[in-house]
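Novice: Build me a structure from this.
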Amino acid sequence: MEHKPTVFVSSDYRYVCDTCEPLKRGISRGEIAWVGFRRGLYPGCEFASEELEGVRLCAYWDSRRRQTWKLPYHRNEGLEIGFVSRGSAEFSADRQGGKYDVLTPECVAVTKPWQEHSVGNPFLGACKMFFLIIDFGVRRPNQDWEWPSWISLGKADRFEFSRRMQNMGESIFKSSPEMRGVFARIGKILDFGSPESCVSELAVLFNRLLLELLNAFRGEQAEYSQSAPNESVVRCFIEQLEAHCAAPWTLEDMAEDCGLKPTRFTYYCRVLANATPMELLNAARLERARKILDGDGGLGNLSMTELALSCGFSSSQYFSTKFRQKFGVSPRDYRARSLPDAARGREKSGVGARVKGVANAGA
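Specialist: Predicted structure coming up:
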């Protein structure tokens with residue numbers, strides 16, 4: 001189905017471009033030092049070697065003063081490990097609750113593939129912070145991880161690591177002296193070495209870090225829930241539904257996109273949002289229509305029929321009925337209230353006659 005909101009995407013450009021823009025602007029203005037190698041759309045030097053497959057980014061930033069920008073909530077395609085070696089940084093993986101934790105050298109931040117997170121509250125502070133992103137081919141939280149060949153963890157450790165990452169609710173863990181030593185050595189390689197000539201050492205360092213993280217997961221006794229992967233799938237789907245609400249969704253389509261049976265998908269919708277899937281779909285469509293009527297996206301001059309169809313409703317009559325039930329007024333009256341005075345005058349004088357005429361027929 002075209003235009004449906006996949007839970008995760010297989011290419012990184014949809015999320016990474018937005019993620020990197022504040023950082024890229026800070027780098028270009030000379031506000032922050034950035035050293036590292038990357039694959040894809042992240043800032044830094046391209047890693048030319050085909051070895052260390054799956055490593056998308058290994059870098060650090062050095063911010064010597066408080067900035068006037070932050071990294072807003074965003075997603076990355078891989079497991080991301082963040083470590084502050086100097087200073088501190090506010091970090092959040094809790095968009096809904098808005099809770100931020102302060103990262104210091106005593107802790108490490110770990111986000112699962114495609115998990116939303118933010119750095120800076122309200123702005124990025126003075127700190128040196130390392131980032132390591134490894135892509136395990138995960139496009140759904142309950143999908144099996146594809147482990148790169150250079151990772152030497154045993155089969156049992158790999159399984160435990162991925163399951164803990166899929167199910168845990170925590171993102172902040174205590175850093176060990178071993179972790180801090182690994183990042184110090186990575187910093188030396190980034191500063192003075194050539195990543196292509198240090199592949200073996202980097203592979204050893206990354207493996208040591210993954211093993212230390214597994215030990216941290218065990219020691220922290222992180223929150224662990226067998227239902228968390230499926231909940232994460234449905235939560236991500238709901239979060240993206242408004243942007244793709246025009247698609248002709250059925251219950252079966254939505255459930256299939258999340259890899260679940262319709263009954264199980266409905267169960268998780270009720271658990272997460274206290275609503276059925278179709279109720280959530282209608283709510284997303286109505287919210288999108290309201291934003292358009294408020295002028296978002298420059299589409300405020302659509303007729304009622306055009307607006308209804310663009311938001312996924314089959315007819316303007318049904319759309320108007322549902323809109324009135326939710327917002328207490330018809331779409332046409334809502335738009336009239338939202339129009340600036342000058343625009344309202346133009347519509348009364350006939351400039352908006354085409355829109356108004358269609359609206360009379362459909363609202």
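
Novice: Every contact and neighbour count from this point should use C-alpha atoms.
Specialist: Will do.

Novice: Next, the buried residues of the helix or strand containing residue 108.
Specialist: In this structure, residue 108 is located in strand 107-111 according to DSSP states H and E. Within strand 107-111, the residues that qualify as buried by neighbour count (16 or more other CA atoms under 10 Å) are 107-111.

Novice: ok, so of these, who is nearest residue 321?
Specialist: Using CA to CA, residue 111 comes nearest to residue 321 of these, at 42.7 Å.

Novice: Would you mind measuring from that closest one to residue 37?
Specialist: Residue 111 is 20 Å from residue 37, where distance means CA to CA, to the nearest Å.

Novice: any idea how far the nearest residue to residue 157 once chain neighbours are set aside is from residue 82?
Specialist: Spatial nearest neighbour of residue 157, chain neighbours left out: residue 214 (7.9 Å); criterion: CA to CA, 6 or more residues apart in numbering. Residue 214 sits 15 Å away from residue 82, going by CA to CA.

Novice: right, and residue 113 touches residue 80 too?
Specialist: Yes. Between residue 113 and residue 80 there is a contact under CA atoms under 8 Å: 7.3 Å.

Novice: did I read that right, residue 180 in a helix?
Specialist: Yes. Assessed by DSSP: H, G, I helix; E, B strand; the rest coil, residue 180 belongs to a helix.

Novice: and it, what does it touch?
Specialist: For residue 180, the contact set (CA atoms under 8 Å, 6 or more residues apart in numbering) comprises 85, 105.

Novice: Go ahead and confirm the residue nearest to residue 157 touches residue 162.
Specialist: No. Using CA under 8 Å, residue 214 is not in contact with residue 162; the gap is 9.6 Å.

Novice: Tell me where the stretch 151-300 of the chain has strands.
Specialist: 172-174 (DSSP state E, counting those that start in this stretch).

Novice: Scan the chain for its longest helix.
Specialist: Longest among the helix segments of the chain by residue count, using DSSP state H, is helix 199-220.

Novice: and it, what does it pack onto?
Specialist: Applying 3 or more CA pairs under 8 Å, 6 or more residues apart in numbering; DSSP states H and E, one finds that helix 199-220 contacts helix 155-167, strand 172-174, helix 177-192.

Novice: Show me how far the second one is from its chain's centre.
Specialist: Its chain's C-alpha centre lies 21 Å from the corresponding centre of strand 172-174 when counted by CA atoms, centre = their mean, to the nearest Å.

Novice: which helices and strands sit right next to that strand?
Specialist: Against strand 172-174 (3+ CA pairs under 8 Å, 6+ apart) you get strand 107-111, helix 199-220.

Novice: Show me what the shortest one is in contact with.
Specialist: If you take CA under 8 Å, 6+ apart as the criterion, strand 107-111 is touched by 79-84, 91, 93, 103, 117, 171-175.

Novice: Extract the C-alpha trace of it and format it as PDB.
Specialist: Taking Å, rounded to 0.1, in the frame of the first residue of the first chain, the C-alpha atoms of strand 107-111 are listed here in PDB:
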ATOM      1  CA  CYS A 107      26.700   7.100  32.900                       C
ATOM      2  CA  VAL A 108      26.100   6.100  29.400                       C
ATOM      3  CA  ALA A 109      22.900   6.500  27.200                       C
ATOM      4  CA  VAL A 110      21.700   3.600  25.100                       C
ATOM      5  CA  THR A 111      18.800   3.900  22.600                       C
END
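
Novice: Name the strands paired with it and say parallel or antiparallel.
Specialist: strand 79-87 (antiparallel), strand 172-174 (antiparallel) (DSSP bridges).

Novice: what about dumping the CA coordinates of the first one to CSV?
Specialist: Provided in CSV are the C-alpha atoms of strand 79-87 (Å, rounded to 0.1, in the frame of the first residue of the first chain):
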residue,chain,number,x,y,z
LEU,A,79,21.7,1.0,18.3
GLU,A,80,23.1,4.3,19.5
ILE,A,81,25.5,4.6,22.4
GLY,A,82,26.1,8.1,23.8
PHE,A,83,28.8,8.9,26.3
VAL,A,84,29.8,12.3,27.8
SER,A,85,33.5,12.3,28.7
ARG,A,86,33.6,16.0,29.9
GLY,A,87,30.9,18.3,31.1
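
Novice: Kindly calculate the angle that that strand makes with helix 177-192.
Specialist: 80 degrees (axes from the mean of the first three to the mean of the last three CA atoms, to 10 degrees).

Novice: got the angle for strand 79-87 vs helix 199-220?
Specialist: On the basis of the same axes, to 10 degrees, strand 79-87 is oriented at 90 degrees to helix 199-220.

Novice: And the contacts of strand 79-87?
Specialist: By CA under 8 Å, 6+ apart, strand 79-87 touches 103-105, 107-113, 125-136, 180, 183.

Novice: if we go to 6 Å?
Specialist: Residues from elsewhere that reach strand 79-87, judged by CA atoms under 6 Å, 6 or more residues apart in numbering: 104-105, 108-113, 126-134.

Novice: how far is that strand from where the chain is centred?
Specialist: With CA atoms, centre = their mean, you get 19 Å for strand 79-87.

Novice: helix or strand right after it?
Specialist: strand 89-92.

Novice: now for that next one, which elements pack on it?
Specialist: For strand 89-92, the elements it packs on are strand 101-103, strand 117-119, judged by 3 or more CA pairs under 6 Å, 6 or more residues apart in numbering; DSSP states H and E.

Novice: elements contacting the last one?
Specialist: Read it as strand 117-119. By 3+ CA pairs under 6 Å, 6+ apart, strand 117-119 packs against strand 71-74, strand 89-92.

Novice: Go through the ones you listed and find the least confident stretch.
Specialist: Lowest mean pLDDT of the helices and strands packed on strand 117-119: strand 71-74, a mean of 90.
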